[in-house]
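Colleague: Based on what follows, work out the 3D shape:
(one chain, ligands or ions: 1)
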Amino acid sequence: MTSESARSRQCRVAIAGFGTVGQSVAKILTSGVHAELTLTHVFNRNVASKRVDWTGPDVVWTESFDDLLAAEVDVVVELIGGTSPARDWIDRALLAGIPVVTANKQVIAQAGTELMSQARRHGTQLLFEAAVAGGIPIVRGMRDGVSGDRLTRVSGILNGTCNYILTSMEADGVSFEDALAEAQRLGYAEADPTADVEGFDAQAKLAILLAVGLRQVVTADDIPLASMTSVAAIDFAYARRLGCVIRQVAQAEVLDDGSVRASVRPSLVPEASPLARVDGSQNIVVVEGRYGGETAFSGYGAGGDPTAVAVVSDLVAVARGQAVAPTDLFPDKQRAARVVQGFEAGHYLRFTIADRPGIIAALAEVFSRHGVNVDAVLQEPGWSKTELPFVMTLETCGSMAVSAALGEIERFDFHVQAPVWLPILSDGEDGV
Ligand SMILES: NC(=O)c1ccc[n+]([C@@H]2O[C@H](COP(=O)([O-])OP(=O)(O)OC[C@H]3O[C@@H](n4cnc5c(N)ncnc54)[C@H](OP(=O)(O)O)[C@@H]3O)[C@@H](O)[C@H]2O)c1
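Modeller: Numbers count the residues shown, from 1 in each chain. Predicted coordinates for the structure are as follows:
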């Protein structure tokens, strides 16, 4: 190959957003590992404060997104984050026929269908491997690796911050607040952890997995969430007695009528499940196909370098001309599928009460009226009678019946804290 033809195959890359991931992408691009990729532009607000010399003297640093479009770069990498103005900038690059690689889960979850149509109309592409599960090649894995199957379910641990907090609580017996503070000190959790612990982050990622893997477009906000802030150290002791651990589980399946059952919830997961074996800030995605059964993908779901690997893998695909039809990534469906709210599972309920005779009987009477069977009652010794935690597990039943029963139970005056309700995933069923 002549040096001229080598030069002609160079792919000129512009990074928009020189933060954690943007800097890691630049580091890989300037390391010389990928000869076909050249970093030519970096766009960021207040760019003077971002400028570094290790990217080399030829990189153009700019505060104007228009400069990237005017320079006719070969690909724009969007690493700004958030929906606005990032979505608009992605849209404008696609409109100019420039391929875009992004790690932005919010934009893809909210506007994936529209942006994919835009890419198709302008003969270009939008790749987003890094938007779900960071460095784990789950988009490629679902699109290529198991494309021979008909995927029916997906489940996973999609938020490394929550997994770090829950596995620290489990290992060290610390409170949620202490585990969160430690995660913040180590840089695993944001100063405002709401998006992680309330489930919004995993909700957006699950919506993308649904589109890519299960071929259903949903409105991400329709996916039911449960906060993990009520999980306490004692729940891990009870979970262990039940042969389980507690994880924030995202799960989805497509029902026969085309509707979708999906949720993000802290759940009891059997110790033998692949989801139980994911420690610290790692992620896992388990897909289930009609023919191939379960396939698990695991690894680092966040962090500058692992996420940058996913971004650069998309850039390599663009440079090599491995075009992906937008509809292969995101189904071209204008109407969002209906998301079903209820689910069937075993249930874990922790009550914290001021003790007196007749409480178990009163709870059992309400459950029985709602057609719900109590499976077991567990009580760890050594707690004060004035603030006594105990657990009831319920046999597999619909969540609507449990919800109705709890609505009545919450009105009893013996509660010291609101009951904590977690689904129990059954053995061999990591999905819904
Ligand atoms: N970090 C991870 O582990 C990870 C993992 C997977 C996916 N992601 C995704 O990757 C993307 C980037 O994340 P990150 O962690 O790298 O974020 P970050 O560290 O906050 O970097 C964002 C960069 O964009 C710049 N920026 C923000 N708004 C801007 C605007 N309006 N105009 C110009 N520049 C602007 C910021 O500048 P300032 O410094 O001035 O604010 C910063 O340099 C997000 O979509 C995120 O969800 C991140």
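Colleague: going forward, measure contacts between C-alpha atoms and count neighbours the same way
Modeller: Fine.
Colleague: Next up, the contacts around whatever residue of the stretch 101-250 of the chain ends up closest to the ligand.
Modeller: Going by Cα to the nearest ligand atom, the ligand is nearest to N104 of the stretch 101-250 of the chain, at 3.5 Å. The neighbours of N104, taking Cα atoms under 8 Å, 6 or more residues apart in numbering as the test, are E78, L79, I80, G81, G82, F128, A130, A131.
Colleague: Give me the pLDDT for it.
Modeller: With respect to pLDDT, N104 scores 97.
Colleague: among the contacts of N104, who's most crowded?
Modeller: Among the contacts of N104, A130 has the most neighbours (other Cα atoms under 10 Å), with 29 neighbours.
Colleague: Would you list the phi and psi of the closest residue in space to that residue that isn't next to it in sequence?
Modeller: Nearest in space to A130, with sequence neighbours left out and distances taken as Cα to Cα, 6 or more residues apart in numbering, is A103 at 4.6 Å. Backbone torsions of A103, given as degrees, to the nearest 10, read phi -110, psi 20.
Colleague: got it, and the one 10 residues further on?
Modeller: Main-chain torsions, T113, degrees, to the nearest 10: phi -60, psi -50.
Colleague: Surely it touches D328?
Modeller: No - counting by Cα atoms under 8 Å, T113 sits too far from D328 to count as a contact (11.5 Å).
Colleague: same for the ligand: which of the contacts of N104 are within range?
Modeller: Residues of the contacts of N104 in contact with the ligand (Cα under 6 Å from any ligand atom): L79, I80, G81, A130, A131.
Colleague: residue contacts, the fourth one?
Modeller: I take that to be A130. By Cα under 8 Å, 6+ apart, the neighbours of A130 are T102, A103, N104, I136, P137, T307, A308, A310, V311.
Colleague: repeat that with 6 Å
Modeller: A103, T307, A310, V311 (Cα atoms under 6 Å, 6 or more residues apart in numbering).
Colleague: which residues of the stretch 1-150 of the chain score low on pLDDT?
Modeller: Applying pLDDT under 70 to the stretch 1-150 of the chain flags the ranges 1-9.
Colleague: which parts of the stretch 301-432 of the chain sit against the ligand?
Modeller: Within the stretch 301-432 of the chain, the positions near the ligand by Cα under 6 Å from any ligand atom are A302, G303, G304, T307.
Colleague: Can you lay out those residues as a markdown table showing pLDDT?
Modeller: Listed next are those as a markdown table, based on pLDDT from 0 to 100:
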| residue | pLDDT |
| --- | --- |
| A302 | 86 |
| G303 | 88 |
| G304 | 92 |
| T307 | 94 |
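Colleague: quick one: contacts of stretch 168-177?
Modeller: Identification of contacts with stretch 168-177 by Cα under 6 Å, 6+ apart yields A233, F236.
Colleague: let's see 8 Å
Modeller: Residues from elsewhere that reach stretch 168-177, judged by Cα under 8 Å, 6+ apart: I165, L166, A179, T229, V231, A232, A233, F236, V245, G280.
Colleague: Need the distance between the two termini of that stretch.
Modeller: With Cα to Cα, to the nearest Å as the measure, stretch 168-177 spans 11 Å from end to end.
Colleague: Where does the record place the domain boundaries for the protein?
Modeller: In the assignment given by automatic domain parsing, the structural domains of the chain cover 3-127, 145-298, 344-424.
Colleague: Looking at the ones you listed, which one is packed in the most?
Modeller: When the domains of the chain are scored by mean count of other Cα atoms under 10 Å, the highest mean neighbour count falls to domain 145-298 (a mean of 21).
Colleague: Can that one be said to contact the ligand?
Modeller: No - residues of domain 145-298 contacting the ligand under Cα under 6 Å from any ligand atom: none, with a closest distance of 8.5 Å.
Colleague: gap between the two ends of that domain?
Modeller: Using Cα to Cα, the end-to-end distance of domain 145-298 comes to 14 Å.
Colleague: about what we covered before: grab the two from the ones next to the ligand among the contacts of N104 that are most spread out in space.
Modeller: Within those, I80 and A130 form the most distant pair, 13.2 Å apart (Cα to Cα).
Colleague: so where do the strands sit in the stretch 151-300 of the chain?
Modeller: Taking DSSP state E, counting those that start in this stretch as the test, the strands found in the stretch 151-300 of the chain are 151-157, 244-254, 260-270, 282-289, 293-300.
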